[in-house]
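A.B. asks: Sequence and predicted structure below; questions after.
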Amino acid sequence: MPKNEDLAYTIRRSPRARRIRVKVDPHDGIEVVIPQRATTKEARAAVAELRPWIDRKLAEAERARTSLASPPGTVPFLGAHLHLRHDAHRTRAHRKHDVLHLPAANAHQALERWYRTEARRQIAPRLDAATRALGRPHTTLAIRNQRTRWGSCSSTGAMSFNWRLMLAPEPVLDYVVWHEACHLVVMDHSKRFWTLVERHLPGYREPRRWLRQNGAALVLPPAG
């Protein structure tokens, strides 16, 4: 792993890359994507040139993590906080009111499975309502764990959403669902697309801004 003074990063050659790109992920670190014929020296130069931008992105992510940190012993869920309790006799996570009961063993895995299940339970009716309003039914719904994408819509109507949306406030989830549903009508991000989003979700700009500023901090805290 090369370093630029105190900054560690990885280099990945890509046959599709036409220029050097630097990607900053607060969890996976800093990655420099370079064309096949580019040199590591050129990668180092790109990191040095972009160092102020990289530092700013890392600082923004750290501020977001700090501001969104859950109180000890809790996890976020659609704008609320659920209290964690461990039970040695339990094999899976179970919510009762504002308490989430977890197994004592493999608690984090059980917690993530619970969030994935909840994501489908929360998203499915919202997506059904949105597609009915738009008059464009979707074909499938998948729950995934992408690092950089919150949702997707294919030309065949296949929909995919990131379960980590459960860690965001509820209006953010509503925005992402409507965003992807509107792609069933308009596949690009043209003015027509955003006009359609605004017609069905007039206040979309605020949750969209929130997600851009805080999305990198939506990470499940340790459950142990």
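C.D. replies: Yes, it's here. Numbering: from 1, shown residues only.
A.B. asks: any idea of the mean pLDDT for the host helix or strand of Pro76?
C.D. replies: Take DSSP states H and E as the rule and Pro76 turns out to sit in strand 74-77. Computed over strand 74-77, the mean pLDDT rounds to 94.
A.B. asks: what's the answer for stretch 83-103, then?
C.D. replies: Mean pLDDT, computed over stretch 83-103, is 93.
A.B. asks: Buried ones in the top helix by length along the chain, by neighbour count?
C.D. replies: What stands out as the longest helix in the chain, according to DSSP state H, is helix 107-134. Applying a neighbour-count criterion of 16 or more other Cβ atoms under 10 Å, one finds 107, 110-112, 114-116, 118-119, 122-123, 126-127, 130-131, 134 buried in helix 107-134. Bear in mind the C-beta positions are built from the backbone N, C-alpha and C, glycine included.
A.B. asks: now the helices: where do they sit in the protein?
C.D. replies: Secondary structure of the chain (DSSP H): helices at 40-49, 51-68, 107-134, 170-182, 191-200, 205-214.
A.B. asks: what about Pro72, how many neighbours?
C.D. replies: The tally of other residues near Pro72 (other Cβ atoms under 10 Å) stands at 7.
A.B. asks: quick one on the thing from earlier: between the longest helix of the chain and helix 170-182, how many degrees?
C.D. replies: What separates the directions of helix 107-134 and helix 170-182 is an angle of 50 degrees, with axes from the mean of the first three to the mean of the last three Cα atoms, to 10 degrees.
A.B. asks: tell me what helix 107-134 is packed against?
C.D. replies: For helix 107-134, the packing partners by 3 or more Cβ pairs under 8 Å, 6 or more residues apart in numbering; DSSP states H and E come out as strand 80-87, strand 99-103, strand 140-144, strand 158-162, helix 170-182, helix 191-200.
A.B. asks: closest to Leu220 out of the helices of the chain?
C.D. replies: Across the helices of the chain, the minimum distance to Leu220, taken as Cβ to Cβ, is reached by helix 107-134, at 6.3 Å.
A.B. asks: Report the distance from that closest one to the chain centre.
C.D. replies: 14 Å (Cα atoms, centre = their mean, to the nearest Å).
A.B. asks: Give me the contact list for the strand holding Pro76.
C.D. replies: Judged by Cβ atoms under 8 Å, 6 or more residues apart in numbering, the contacts made with strand 74-77 from elsewhere in the structure are 68, 70, 81-84, 100, 111, 118, 166-168, 220-221, 223.
A.B. asks: Give the buried residues for that strand.
C.D. replies: Residues of strand 74-77 classed as buried: Thr74, Val75, Pro76, Phe77 (neighbour count, 16+ other Cβ under 10 Å).
A.B. asks: do you know how far the second one is from Leu84?
C.D. replies: According to Cβ to Cβ, to the nearest Å, Val75 stands 6 Å off from Leu84.
A.B. asks: export the helices of the chain to TSV and tack on distance to Met159 and mean pLDDT?
C.D. replies: Listed next are these as TSV, based on distance: least, Cβ to Cβ, whole Å; pLDDT from 0 to 100:
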stretch	distance to Met159	mean pLDDT
helix 40-49	36	91
helix 51-68	26	81
helix 107-134	6	96
helix 170-182	6	98
helix 191-200	16	97
helix 205-214	17	93
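A.B. asks: Columns distance to Thr148 on top of these, output as TSV?
C.D. replies: As requested, the helices of the chain are arranged in TSV below (distance: least, Cβ to Cβ, whole Å):
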stretch	distance to Thr148
helix 40-49	20
helix 51-68	13
helix 107-134	17
helix 170-182	13
helix 191-200	20
helix 205-214	12
